[in-house]
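J.: Dropping the sequence and predicted coords here.
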Amino acid sequence: MNLLAHLLLAENSDTSFAGQILGDEVKGRLDARFPPAIRRGIRLHRAIDTFSDAHAGHQRLRRLFEPPLRRYAGILVDIGLDRALTRQWQAFHPLPLSVFAAHAQQQAIAEWPRAAPFDAARLQRLADVLAGYSQPAGIQRALDSVAGRLRRDNPVASAWPALAARAEAFDEELAPIMHTLQAVVSARADSA
């Protein structure tokens, strides 16, 4: 799952928004440089990724992409699922996406730890990024960002047409994947 789904699941489980964002940034073993709430959010982010990637629906969506995009299908599926989530937002959250996005930005900045690999100032446009998943330009920004972070030349920045062509498949797979992930975060919240 990509950023929007992670933050929605953080809210559902009452875990750290900052930890969910840092889950993609912090690698390896977690230590005391982060407060316990942040570590818990990072661990939950990792669990969400593990369960999402193993979900049959996620695997079906990855198989829809042909080379050269297939190599990056996991990334594309995560972004495509966030796009589908914006289209079905009302089924998963009672407030409008723009309100949730503003809340997520405020919460992440408030929780942001000093030991993070980048400053909280980078989160000043988080609400725009989250709400932007509902528009082709926002998805293109996400694709450009991912493509720029990858170490080798890649076709990710040119993947928007492939994502748009598979929108119906993403819409069909979203609810089963999200329901599984909601059960995962609920079980982890109950055991914490």
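T.: Sure thing, it's come through.

J.: Gly28: what secondary structure?
T.: coil (DSSP: H, G, I helix; E, B strand; the rest coil).

J.: what does Arg151 give?
T.: Following three-state DSSP, Arg151 is assigned to coil.

J.: which residues touch the longest helix seen in the chain?
T.: Longest helix of the chain, by residue count under DSSP state H: helix 167-191. Residues outside helix 167-191 that contact it (C-beta atoms under 8 Å, 6 or more residues apart in numbering): 1, 5, 9, 12-15, 44, 47-48, 51-52, 55, 57-58, 60-61, 64, 77, 80-81, 83-85, 87-88, 91-92, 163. Quick note: C-beta positions are derived from backbone N, CA and C, even for glycine.

J.: same thing but at 6 Å, please
T.: 9, 12-13, 48, 51, 55, 57, 61, 80-81, 84, 88 (C-beta atoms under 6 Å, 6 or more residues apart in numbering).

J.: Could you point out which of those is nearest to Arg151?
T.: Gly80 (22.6 Å; C-beta to C-beta).

J.: re earlier: and the longest helix of the chain, which residues are buried?
T.: Of the residues in helix 167-191, those buried by neighbour count under the rule 16 or more other C-beta atoms under 10 Å are 169-171, 173-174, 177-178, 180-181, 184-185, 188.

J.: and if you look at stretch 73-92?
T.: In terms of neighbour count (16+ other C-beta under 10 Å), stretch 73-92 has its buried residues at 73-86, 89, 92.

J.: Same check on stretch 41-61?
T.: Using 16+ other C-beta under 10 Å as the test for burial, stretch 41-61 gives 41-45, 47-49, 51-52, 55, 57-58, 61.
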